[in-house]
Each structure stands twice: as structure tokens, then as C-alpha cells.
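# give me the fold of what follows.
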Amino acid sequence: MGSGKSASCDHSLNPRTEPFPWANTRRLYQHDHLRKRLRCQGSHNNVALVFPMVAGSPPKRWHQIRSVGLLGVVLATVALYVPGLSGAFLLDDYENLKGLSHVRCEEGCSGLLEFVLSGISSGLGRPIAMLSFGLQAPAWPSSPVAFKLVNVLLHSLNGVLVYLVVTKLLRLSAVSRDQQTLLPLLVAGLWLMHPIHVSTVLYTIQRMTELSAFFSLAGLNLYLLGRSKLLENPRKAYMWMSSGVIGGAGLGVLSKESALLLPLLILVLEATLLCDVHKPRGWRLWSLLLLWLPLAGAVVYLATKLNTLVLNPYDYREFTLKERLLTEGRIVFDYAGKILLPRVGEFGLFHDDFTLSRGWLSPLTTLPAVAGVLLLNAGAIFYRKKAPIASFAVLWFTAGHLLESTIFPLELYFEHRNYLPSFGLLLAISLYVISALNKSRGRLKAGLTGLVLFAAMGMVLITLLEARLWGNPALQATVWAEEKPDSLRAQSRLGEFYIAIRQHQHAADLYEQVASRFPLDAGLHAFRLALRCRGGETVSIPSSDILVQRLETARYSTAPLVAFDDIITKLEAGHCQMLPTEAVLVSLDALAKNRAFAPQRTNLHLLRGRLFATLGRYAEAVAEFEHASIDHPAVALAQVQWSYRAGNIPAAKKHFHRAERLIRDSPLRFGSYNSQLQKTGTLLHEHN
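Coordinates of the predicted model:
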């Protein structure tokens, strides 16, 4: 009583003793209690410490410190990635971006719309991501640095959004000004410069992941902006929140489908870090409509399409649904280990050598890993109010992996899947580090500070080494092949490098050696045929008997289709005359008989049709395209040309009218074919 304060004053929220920012802040939003509380605290400075939103904005110098610090972090990130800009295009870059060759921006960007709508990565086509690539068409394929530079700048921008998210979270909590300055910079710096993101930033096609994260983070910022205004101006607050969820998820999905998880990520925030922040009565209805209902709709849609989207595609994978789920239990722990304890030589693009879990104890780590994932998430849900930070880290990381690391028949392992999920772990570790430093004194504090700086410098050094490796294609191909002897893709990448430096026989020898170790891979045999186009008759190719034997029983992959497309494209241009076309026909026939390639029957018909056309066998080419049954103007116009050359004028007119209908019915998508349609129409008219 001698202190002059009421005996009823509750000091449980004193930020000087509170271990973490997020704890018991619900009552701060209850106005009557807040007024009593502020009277108990007494001074303006204490008001700022307890609840910065009420006390007013920090002084100008804090904003200056933040701005300079953030600029320094961004510039350091760009400098860190500069050595990686000189790298090459890889893997899916070519298959997804080859249409850029038909975009002519010097002629008003003709073909741009067709390219934007031609995405093959998913059913939605990811048009926003494709547009970002399409605007760089003049740099394809001669300047990978231009594409990679955009990726680096986009990554830096995402780091700014991470900084803003953390800042807004802190403003919703009771935390001091120095923590408001240090924590966002620490989290943004760790996230921007972590080596696990190198294979996202410097792998050109993963701009799709970056853009999806950009819209998700932008939407999350708008949501938190509205969330902080719920008591001041509910109508305006709900407008910001709704814009964040709808705009962030909607635009993000058009870049990559992982943005569908934004409502779930917001629910994770509300259940953990914001669990004690007051929610007005209308919030329940809003969250039901904007968060829970979209998630429920996605689940219902998935249930109705379960066979098409999930179960049936496993027929063409080398693993089952059960095996994938068992393996992903081990993989997510591997991801988390790379994020929390990065090590030299652990990062890269190729992880197809990761051991598949064939059963609960095969390998032995499978059962502990799956049990660990389940127990950690159950504990995070149960203790989400008592341990909000740890719960947030676990649930955010798990939620971020729900699409790409669970039931869908995707490939097993890619580091880029951690681009946004890693935020949860890095925020949590940053909070624990700052808390430990605040509690320590003297030599202990100096030792902890030194340890933290040493760990941060080590992490940055690993990222720099990885970026330099990505910027040196020769070294990259060699190192990956040496580090990953059981990775088919790493070995194939070395073969591609040999081809790039015109060491065709070296590549052929390598493919032959690797083919003996991977007898079920179809791509290696197709690549050996493609090598004949580049290296001439001195390059050996498999016999027809070997091609039939291997390709009829090979497991599914898109590699042989890419190789045969390359071969036929060269034949159409009048090159590759030294390759026996019979070997190509035999190979395509063998793949058509292979049940694993049933999903690609349409593409196989198209390839055969194009091959027959190059041989002057136009009637057979038209028949192959008829079997393909594709309603696309390019296919219809090709059938017009080949029917005309085969002397079948009625068939040519039929396909011409089909092309007319397709372009008329979808002018936005197929408008770029109008000029080709007019030329073809003129040809038919002259014949009449």
C-alpha cells in the first residue's frame, strides 16, 4: 500500500518480466480494464511498453534505425546472390518456358497472351507467373541472368514483407521498442539469407513459388493491418482483412496453388500468437465466411475429385500413397534440420536419391519420424495457449507443407517447398534467442552473443558458397554428380553439361554407364538418341531391340518426351539427318505400349504426327492428330496443312472450320492465331 498504487492492480502483464511478447494480452483490449491498468502503471513510458498502439508511435529515430537496418539487410541479400546470377537454366525451366521463343515483343508482344495461358505446371496454368516470364521474352534463352536477377529482387521484396509481418505482429502484442526494432530485422535477415532458399531463388522456374509467397505475405500484411484496427474502426478493419485474404489467396493461386493455404496460416496465427488478442463478436462470423468456409470448400472439392487428383496418378509413380506419407514424415524432419542447423554440402536441387520408406520400419527412422510429426502437432494444438511460440512454429511449418508434402502424388523432395513454411521456425528461434540474450548477464551474455553471431556468419557463408556454386554451371554439375552418385538427375545434369561444351561422346558414355545402373529409366535412352543429332554418327546409340525392351517396361517420367520433342523439332528444321528415324518411331511405339505412359498418350500421338509430317507421310500425320483429339487451333491448323498436302481437301476444310470455331469461341486465349488462320484460309481459297 505504501507504493501509492491500488492493491487490486494486477502486474501479471509487466513486459519487463514477461518472457515472450505473446502472452495474456486479451484484457488489454477491454477498455474498462485498460483504463484501470494504465492508471496502475502510471507513466507514459510504461504505457508504451505495455501496449504501443495505445501509447502512440515510436519516436522518429526508431523509424530511421529500422529503415537503415532493413535497407542494409536487403542490400546484403542481393550482394550474397550476385555470384549466382551467372548460372544456367535447368530442368523444368526449358519445358515451361520454351514457348517464350514465339513471343515477339518487338512486334507488340505478339504471342504473349498465348504464352501466359499456356502454363503446363497445373490445371490453372499459373498465368501471373507466366506473365512475369513472358515480359522477359527478349532475354530467352540467351540470358539466364536477367531471369535470375528478377528472382533475387522478388526474394528481397518478400523479405521486406516478412519484416512488415513481424512488425505488425509485435504491434499487436506487449513488447518494448528495442525488440520492435531488433526482432523484425533478425527474422527478415535470417529468412532472406538462409541457404535453404538458394534453390528457390536461383532456379528460374521457382519464381512461381516466390510470387505465390509474395501475394500470401502481402495478404497477411493487409489482414494484420485490419486486425489491429478492429476496435477502432470495425468496418474498415474487416475491409482490410477481407482484401488481404481474398486478394492474397486469389492472386497467389494464379502464381502457384500453395497460396490456397493462406486462410489456414491465418488461423494458425489466431490460434497461437494472437490467441489472447481480443476478438470482437463479429470476428467469428467473418472468420467462418472468409477462413473456415474456403478451407471446407477445398476439402469437399478434394473429396469429390479424390480419384482424379490423388489416387489414380499413383499408378504412374514408383511409390504408393502409403509409402509417400511414410517417407514425407522423414523428409519434413530433414527440412527442419536444414533450417535450424544448416550444414555445408546439404543443399541443392536434386534429392531423388532420398531413401523411400517401404514400411513402418524400413528404414528404421520411419516410425519415429511419423510418430514425431503427429505428436508434435498434437502437442502444439493442445498447448497452443500455454506455449504459443513453439506451437506457432510447429503448426505454421506443418500447415505450409499440407499441399506439397502429404497425399498428392508429387515428387518426394524439393527444398523450395520450405520457402514460406520456414518463416515459422525462424520467427520462433529468433524469439527464443532474443529472450535468452535479455535474460543473460555478464560473460554469459557475451558468450551467447558471440555464439549467435558465429552461427549467423556460418549460415551466411553457406549461402554464399551455394550461390557461387549455382553461378558456375561446370562446377555445379560436377559437384552435384560427385555428392549424389545415386541421383539420376544429378548424373543426367552432368551429361547435359558435357553436351553444352560439345563433349558429346563423354555424354554418351556417361548415359550408357548410368543406364546400366538405372534400367527402368526411359529418359537416358532417349537422350542417347538425341545426342546423335548433336554429335553425329560417331556417337553410339542403342539398338532397336534394346530400345523396345527398355522403353516398354520403363517407369514414368517426362524426360523421354522432352528428348523426343527436341529430336523432332530438329528434324522439322532440316537437321539431325544422321539419326535413323526408324529408331525414333520404334521408341515412340514402345512408349505408347507402356502402361506407365498412359497419361501421355495424347502427347505421344502428337509427336508421332509431327514425325510423320517431317517424313512426308501426311495422311498418317493427320491420323495421329485425330487420335490425339485436342481442341487447339495449333493442332487444327497443322491438320489443315497436312490434309492439304496429302490431297484431302475436304478434310483440310473441316479442320479449318474447327480452327475458326476455336478461335472465335476463345478470342482471349487463341487470338494470336488469327494471322495464321487468315494465311491458311487464303491458301484454301486459292485452291478453289
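
# how much space between residue 389 and residue 430?
10 Å (C-beta to C-beta, to the nearest Å). Heads up, the C-betas are built off the backbone N, CA and C, glycines and all.

# please enumerate the shared neighbours of the two.
Any residue near both residue 389 and residue 430 by C-beta atoms under 8 Å, 6 or more residues apart in numbering counts here, and not one turns up.

# list the contacts of residue 596.
Listed by C-beta under 8 Å, 6+ apart, the contact partners of residue 596 are 315, 316, 554, 555, 556.

# show the buried residues in those.
Neighbour counting by 16 or more other C-beta atoms under 10 Å classes 316, 554, 556 among these as buried.

# what's the burial count for residue 102?
A count of nearby residues for residue 102, using other C-beta atoms under 10 Å, gives 14.

# oh, that last question was meant for residue 595, not what I typed.
In terms of burial, residue 595 registers 10 neighbours under the definition other C-beta under 10 Å.

# pretty sure residue 505 contacts residue 539?
Yes - checked against C-beta atoms under 8 Å, the pair residue 505 and residue 539 is within contact range at 6.2 Å.

# return the distance of the residue nearest to the spatial centre of the chain relative to residue 243.
The residue lying closest to the centre of the chain (C-alpha atoms, centre = their mean) is residue 209, at 3.0 Å. Residue 209 sits 23 Å away from residue 243, going by C-beta to C-beta.

# what's the spacing between the helix or strand where residue 246 lies and its chain's center?
With the criterion set as DSSP states H and E, the secondary-structure element containing residue 246 is helix 234-253. Mean-position distance between helix 234-253 and its chain equals 22 Å (C-alpha atoms, centre = their mean, to the nearest Å).

# and it, which residues are buried?
Along helix 234-253, these residues count as buried under the neighbour rule (16+ other C-beta under 10 Å): 234, 237-238, 240-246, 248-249, 251-253.

# can you put the contacts of residue 596 in TSV and add secondary structure?
Supplementary listing: these in TSV, determined by DSSP: H, G, I helix; E, B strand; the rest coil:
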residue	secondary structure
315	helix
316	helix
554	coil
555	strand
556	coil
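
# so which pair among those residues is furthest apart in space?
Taking C-beta to C-beta, the two most distant members of the contacts of residue 596 are 315 and 554; they sit 14.6 Å apart.

# follow-up on the earlier one: tell me which of the buried residues of helix 234-253 is nearest to residue 289?
Nearest to residue 289, judged by C-beta to C-beta, of those is residue 242 at 8.9 Å.

# my guess is that closest one contacts residue 290. True?
Yes - counting by C-beta under 8 Å, a contact exists between residue 242 and residue 290, whose distance comes to 5.9 Å.

# for residue 637, which non-adjacent residue is spatially closest?
Counting by C-beta to C-beta, 6 or more residues apart in numbering, the nearest residue to residue 637 once its immediate chain neighbours are dropped is residue 659, at 5.2 Å.

# could you name the specific helix or strand carrying the one you found?
Per DSSP H and E, residue 659 falls inside helix 649-665.

# restrict that helix to CA atoms and write it as CSV.
Listed next in CSV are the C-alpha coordinates belonging to helix 649-665 (Å, rounded to 0.1, in the frame of the first residue of the first chain):
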residue,chain,number,x,y,z
ILE,A,649,-9.1,-31.1,-99.4
PRO,A,650,-12.5,-31.9,-97.6
ALA,A,651,-10.5,-32.9,-94.5
ALA,A,652,-8.5,-29.7,-94.8
LYS,A,653,-11.6,-27.6,-94.9
LYS,A,654,-13.1,-29.5,-91.9
HIS,A,655,-10.1,-28.8,-89.8
PHE,A,656,-10.0,-25.1,-91.0
HIS,A,657,-13.6,-24.6,-89.8
ARG,A,658,-12.7,-26.2,-86.5
ALA,A,659,-9.8,-23.8,-86.0
GLU,A,660,-12.1,-20.9,-86.9
ARG,A,661,-14.6,-22.0,-84.2
LEU,A,662,-11.9,-22.5,-81.5
ILE,A,663,-10.5,-19.0,-82.1
ARG,A,664,-14.0,-17.4,-82.2
ASP,A,665,-15.1,-19.1,-79.0
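
# now do that helix: which elements does it pack against?
helix 633-645, helix 674-687 (3 or more C-beta pairs under 8 Å, 6 or more residues apart in numbering; DSSP states H and E).
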